[in-house]
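K.L.:
When you get a sec, could you give me coordinates for this:
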Amino acid sequence: MDLVKIPKAKHTLNSVDGRPREWPPSRREPVLSVDEPTDGNSQENMLLNVPAGVSLARGSSSSLGSPRMGSGELAGGAERASEERTETDARRVALREEGGEETRERFAPTTKPMSADRAGSGMGPGVQADILLYEHMDILSDAFRSAADPMAVLRQEPDGRFRYVLANPAAQIRLGGWHGLVGQYLEDVHDVHVLERLLGHAREAAFGAEREVVDVNFGSWSGEVAFDLLTARFPQHRYLLLTVRDISARKRYEKKLKRAAYRDALTNLHNRRYLDRCLRLLRKSRATYAMFYIDCDNFKSVNDRYGHDAGDAFLIQFAGRLRGTVRQRDVVVRHGGDEFIVLCRVHGLEECHLVGQRLVRALSGTYTIAGVTVDGGVSVGAACYPVQVASLEDLVMTSNEALHQSKHDRKGQLTVYRTASPRVESLLKR
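P.N.:
The predicted structure is shown next:
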């Protein structure tokens, strides 16, 4: 299917008898003369100077109000018309000879094609308007085909489904896939994730007057899809103009900014801002969570003895080992300096003890920094929600208290928060 069938539209709209005609016309319609062969009922047309292909019905009168003439009158009229034309040609020859250059230029034939601006001198205003209309349609068609952004026209069928009826080459390439685009329904072209984003906004645009815009991830690229309702020239259908703008670069930049906002630049772990966001999201959760507050016991000695570069290398190795010890779904945060936090879901205090002891064993080994082996002891404080604290926000404070208790008693061990929440204490007293 062609994108915009402008030539066919030209022939259809400018056909008098159903047969295609050249458009725009290279010359005006010829006028029959008495010397040209005619059909059986066209002699009256010749006398009335009617264009070829247009005849007056038998029994009708001309626009001048003349009644239908007989055969003798028709012959006499033809002779008079021939004599008048001969006299007119003779007067023109005399004017050329007597009028000088100005008159010669006036009657001189021209071979220049007639432009749209001069169409009024040889064509009626209706024909001139048609020429300008088709010129504008050709320009719009070229702009539609040449657009770099995907553009398509959707038609809503009586059953409510949307079908592609027009598409420019960019849309065929980026949206069509193996099966093409024109003639296909939305659900036949796009997968379920893209369809979920498109259908709702397409329906809103079809029944509303406002433009609908949605960001869609097409897999290898991202696009901003806009739906515009076309003017209601076709009451039996609703047409939507779909335009897609590639925003892949913008999405990559937004992802980079988001990563910078919630990631630690040195260790690539999540930062404190991300931990606060997680705690807000889990505020109404009824699941059991444990928080482990971890402190590197030997970081200060490594940093003072070998320098800041060695201290940064130690933290990077420590973060990598910590990330590999916990599960993928657990939240690992660098809280600041040499302090780290792990937030994970557990089934109770017993599992909290097991996870804490595994962290102490995994992180207390040796580390190699620039060819030098150093020891990496850790102290861990833990607290459990809702067994020990009443809210998730209190986990940070209570696990920090447990960490300080662990460093005070003996470094390199796990300490679980000992005070139960008021709800648990009231249950224990019963």
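K.L.:
Quick check: the gap between the closest residue in space to V194 that isn't next to it in sequence and A205.
P.N.:
Taking CB to CB, 6 or more residues apart in numbering as the measure, V194 lies nearest to V216, with 5.7 Å between them; neighbours along the chain are not counted. All C-beta spots, glycine's among them, are computed from the backbone N, C-alpha and C. Here V216 is placed at a distance of 14 Å from A205 (CB to CB, to the nearest Å).
K.L.:
Those two: which has the busier surroundings?
P.N.:
Neighbours of V216 and A205, each counted by other CB atoms under 10 Å, are more numerous for A205; the result is 23 against 20.
K.L.:
pLDDT below threshold where in the stretch 101-250 of the chain?
P.N.:
101-124, 177-178, 232-235 (pLDDT under 70).
K.L.:
residue boundaries of the helices in it?
P.N.:
Assigned by DSSP state H, counting those that start in this stretch, the stretch 101-250 of the chain shows helices spanning 119-122, 125-146, 169-171, 186-189, 192-207, 248-262.
K.L.:
V378 is nearest to which of those?
P.N.:
Counting by CB to CB, V378 lies closest to helix 248-262 out of these; the figure is 24.3 Å.
K.L.:
Give me the contact list for the helix or strand that comes right after that closest one.
P.N.:
With elements assigned by DSSP states H and E, the helix or strand that comes after helix 248-262 is helix 272-281. Outside of helix 272-281, the residues that reach it under the criterion CB atoms under 8 Å, 6 or more residues apart in numbering are 261-263, 331, 333, 335-336, 341, 343, 392-393, 395-396.
K.L.:
report the angle between the axes of the helix or strand following helix 272-281 and helix 272-281?
P.N.:
Remark: after helix 272-281, the chain's next helix or strand is strand 289-296, criterion DSSP H and E. Relative orientation of strand 289-296 with respect to helix 272-281: 160 degrees, computed using axes from the mean of the first three to the mean of the last three CA atoms, to 10 degrees.
K.L.:
buried ones in the helix or strand following strand 289-296?
P.N.:
Moving toward the C-terminus from strand 289-296, the next helix or strand (DSSP H and E) is helix 299-306. For helix 299-306, the buried set under the neighbour-count rule, 16 or more other CB atoms under 10 Å, comprises F299, V302, N303, Y306.
K.L.:
Which members of those define the maximum pairwise distance?
P.N.:
When the buried residues of helix 299-306 are compared pair by pair using CB to CB, the two farthest from each other are F299 and Y306, 11.0 Å apart.
K.L.:
Which of the buried residues of helix 299-306 sits closest to R410?
P.N.:
In terms of CB to CB, no member of these lies closer to R410 than F299, at 17.9 Å.
K.L.:
Distance-wise, check the closest one relative to G377.
P.N.:
With distances taken as CB to CB, F299 is found 10 Å from G377.
K.L.:
can you check P386 too?
P.N.:
Where G377 is concerned, P386 sits at a distance of 32 Å (CB to CB).
K.L.:
same question, T415
P.N.:
14 Å.
K.L.:
Please identify which of the two sits among more neighbours.
P.N.:
Counted by other CB under 10 Å, T415 and G377 do not tie: T415 has more neighbours, with 23 against 16.
K.L.:
Need the three-state assignment for the closest residue to that one other than its chain neighbours.
P.N.:
The spatially closest residue to T415, leaving aside those adjacent along the chain, is S406, at 3.6 Å (CB to CB, 6+ apart). For S406, the assignment made with DSSP: H, G, I helix; E, B strand; the rest coil gives helix.
K.L.:
burial measure for S406, as a count.
P.N.:
Neighbour count of S406, defined by other CB under 10 Å: 24.
K.L.:
so who does it touch?
P.N.:
Contacts of S406 by CB under 8 Å, 6+ apart are S379, V380, G381, Q413, L414, T415.
K.L.:
And it, what's its pLDDT?
P.N.:
We have a pLDDT of 87 for S406.
K.L.:
Is the residue nearest to V194 in contact with R197, as I believe?
P.N.:
Yes - V216 is in contact with R197 according to CB atoms under 8 Å; the separation is 4.8 Å.
K.L.:
rewinding a little: looking at the contacts of S406, which two lie furthest apart in space?
P.N.:
The most widely separated members of the contacts of S406, counting by CB to CB, are G381 and Q413 (9.9 Å).
K.L.:
And these two? Which one has more around it.
P.N.:
G381 (25 against 17).
K.L.:
can you give me the angle the host helix or strand of the more buried one makes with helix 299-306?
P.N.:
Applying DSSP H and E as the criterion places G381 in strand 378-385. With the same axes, to 10 degrees as the basis, strand 378-385 and helix 299-306 are set at 150 degrees to each other.
K.L.:
Give the rounded mean pLDDT of strand 378-385.
P.N.:
93.
K.L.:
From the contact counts, what lies against it?
P.N.:
For strand 378-385, the helices and strands in contact under the criterion 3 or more CB pairs under 8 Å, 6 or more residues apart in numbering; DSSP states H and E are strand 289-296, helix 349-363, helix 393-409, strand 414-416.
K.L.:
Paired strands for that strand, with orientation please.
P.N.:
The strands beside strand 378-385 in its sheet (DSSP bridges) come out as strand 289-296 (antiparallel), strand 414-416 (parallel).
K.L.:
quick check: angle from that strand to helix 349-363?
P.N.:
160 degrees.
K.L.:
quick one on the thing from earlier: ok, the contacts of S406 vs K255, which is closest?
P.N.:
V380 (33.1 Å).
K.L.:
Count the neighbours of the closest one for me.
P.N.:
27.
K.L.:
How about the contacts made by the nearest residue to it once chain neighbours are set aside?
P.N.:
The spatial neighbour of V380 that comes closest, neighbours along the chain excluded (CB to CB, 6+ apart), is L414 at 4.7 Å. Contact criterion CB under 8 Å, 6+ apart gives H353, G356, Q357, L359, V360, V380, G381, A382, S406 as the residues in contact with L414.
K.L.:
can you put those residues in CSV and add distance to W221?
P.N.:
Shown next, in CSV, are the contacts of L414 (distance: CB to CB, whole Å):
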residue, distance to W221
H353, 49
G356, 45
Q357, 48
L359, 41
V360, 47
V380, 45
G381, 47
A382, 45
S406, 51
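K.L.:
which of these lies closest to L181?
P.N.:
L359 (54.7 Å).
K.L.:
number of nearby residues for that closest one?
P.N.:
Residues contacting L359 under the criterion other CB under 10 Å number 21.
K.L.:
For H179, state which of the contacts of S406 is nearest.
P.N.:
Using CB to CB, V380 comes nearest to H179 of the contacts of S406, at 57.6 Å.
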